[in-house]
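Colleague: after the sequence you'll find the predicted model.
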Amino acid sequence: MGNRMKIAIGLGENKNVLKAVEQFPFKIHIAKTNEELLNYLKDPEIDGVIRGSLKSNIIKDLKKENPHLFRASVIEKDNHPFLLTPVGIDEGDCNQSKISIIRECAKTIEKIGYTPKIALISGGRADDKGRSSKIDKSITDCDKIVEKLKNEYDIKHYHILIEEAIKDKANIIITPDGITGNLIFRSLVLVAGMKSNGALTLNQPNLFIDTSRSQSVQGYVNSIKLIKQIIEYKKEDKQ
């Protein structure tokens, strides 16, 4: 299967990408510019594309063509994988956006054999309401989303207790907004060393995994393994 798939990855200043690519027995195309990588993404012969260590403005280029795409980081703790989203700093700013994100993540989770278990994270505990208008809105927004979706999904508002959501094996964790999500990702992965497989770019037709330009060799290896697994799953599903 691996010899028949075609993958491309971006190479910027972080050369850990090359060390990661060397660990795989099949050819992985290297793109040294955003333009090259976007061309690979549009190429019907390419099964999937990874940002690698190219600068984040490639996401801006993608959003020019599709402003509604978003990213969900695939993180693992103690062999339990979960999607953390939104993680793009300009994503998930309103309830409608979060509901769209939840629906797309649920479809993705179901496609790889999991039942969605969704955790909403807000800015405080339930009894923190009244401390500030920002905290109040964060809590109220999550309560509204749960009320709207509770008959469709296993969904729970964990308030600020993200540790409880992970402990309960939630496989989709919805952060208060993209800035907070990005900070949580960096804290869990780049500081605490939790396993990261990259971020799936959802709500768009072609398979693209976003990665941090600061990632370790193993981080890029994990992303290549993830995209390989998804490609294999898609090909098996079509047979």
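Modeller: Perfect, thanks for sending it. Numbering: from 1, shown residues only.
Colleague: residue 58: neighbouring residues, count only.
Modeller: 23 (other C-beta atoms under 10 Å). In short, each C-beta sits where N, CA and C put it, glycine included.
Colleague: residue contacts, it?
Modeller: Neighbouring residues of residue 58 by C-beta atoms under 8 Å, 6 or more residues apart in numbering: 10, 34, 37, 38, 51.
Colleague: among these, which lie within strands?
Modeller: The strands, defined by DSSP state E, take in residue 10 from those.
Colleague: and the contacts of residue 58, which is closest to residue 215?
Modeller: Nearest to residue 215 out of these is residue 51 (C-beta to C-beta; 9.7 Å).
Colleague: just the buried ones out of the contacts of residue 58, please.
Modeller: Buried subset of the contacts of residue 58 (neighbour count, 16 or more other C-beta atoms under 10 Å): 10, 34, 37, 38, 51.
Colleague: beta partners of the first one?
Modeller: Beta-bridge pairing of residue 10 under DSSP bridges involves residue 31.
Colleague: any idea how far it is from residue 79?
Modeller: Distance of residue 10 to residue 79, computed by C-beta to C-beta, to the nearest Å: 29 Å.
Colleague: picking that back up, the buried ones among the contacts of residue 58: which two are farthest apart?
Modeller: With C-beta to C-beta as the measure, no two of those lie farther apart than 38 and 51, at 10.7 Å.
Colleague: buried residues in stretch 227-236, which are they?
Modeller: By neighbour count on 16+ other C-beta under 10 Å, the buried set for stretch 227-236 is 227, 228, 230, 231.
Colleague: do the same with stretch 187-206
Modeller: Across stretch 187-206, burial judged by 16+ other C-beta under 10 Å covers 188-189, 194-204, 206.
Colleague: stretch 175-191 now?
Modeller: Judged by neighbour count using 16+ other C-beta under 10 Å, the buried positions of stretch 175-191 are 175, 176, 177, 178, 179, 180, 181, 182, 184, 185, 188, 189.
Colleague: tell me the one among the residues you listed nearest to residue 4.
Modeller: Comparing the buried residues of stretch 175-191 against residue 4 with C-beta to C-beta places residue 189 closest, at 31.1 Å.
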